[in-house]
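Peer 1: what's the 3D shape of this:
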Amino acid sequence: MKEIPDLAISPAKVAAILAKARQFDVKDVVTDPDSGSNASDDAMLSVLEDHADDPVRTELTAIIRSLNEDEQVDLVALTWLGRGDGSLDDWPDLRAEASRAHNRRTAEYLLGIPLLGDYLEESLSTFGHSQEEFEQPV
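Peer 2: Take a look at the predicted model:
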């Protein structure tokens, strides 16, 4: 295997996005869009649904949008790498393709990918990191 390439985005940022993506990935379809009840009245089930005003979606979108262009390009390429679209040897090509495809809808694109957290975890491990090394002790 070749030398591990440098990333424009820090592995710690990827791990933070991965953690938020995992929270977002568990969301289910909205079953009662016009519910007027209090969340505590419906056993807090609505917090597990993917509402448009979901705070996890909002926070994850804000985090991704706050990244500079190179970081966003790396994040997309890492997602593709973790999804199996190439290997570490293909990194320059994956990154070049992500750069060509870059636009202002990166956050929306990434949030539309099922298993985003799993893909980012896989790519982090390919780069020799794990999410656990960036977790803060409670």
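Peer 1: ok, how many other residues are close to E121?
Peer 2: Residues within reach of E121, counting by other CB atoms under 10 Å, total 21. (Glycine included, C-beta is placed from N, CA and C.)
Peer 1: for Y109, that is, sorry about that
Peer 2: Y109: 15 surrounding residues under other CB under 10 Å.
Peer 1: my guess is it contacts V76, does it?
Peer 2: Yes. The pair Y109 / V76 is scored as a contact, 7.3 Å apart, by CB atoms under 8 Å.
Peer 1: quick one: low-confidence parts of the protein?
Peer 2: Residues of the chain that meet the criterion pLDDT under 70 lie in 1-2, 26-53, 136-138.
Peer 1: need the helices for it, in chain order.
Peer 2: Assigned helices in the chain, in chain order: 11-25, 55-66, 69-83, 91-101, 106-111, 116-126 (criterion: DSSP state H).
Peer 1: Redo the ones you listed as a markdown table? Include distance to E3.
Peer 2: Converted to a markdown table, the helices of the chain look like this (distance: least, CB to CB, whole Å):
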| stretch | distance to E3 |
| --- | --- |
| helix 11-25 | 16 |
| helix 55-66 | 28 |
| helix 69-83 | 16 |
| helix 91-101 | 10 |
| helix 106-111 | 27 |
| helix 116-126 | 13 |
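Peer 1: Out of those helices, flag the one nearest E132.
Peer 2: Of all these, it is helix 11-25 that lies closest to E132, at 8.7 Å by CB to CB.
Peer 1: Now do that closest one: distance to the chain's middle.
Peer 2: The chain centre lies 5 Å from the centre of helix 11-25; the measure is CA atoms, centre = their mean, to the nearest Å.
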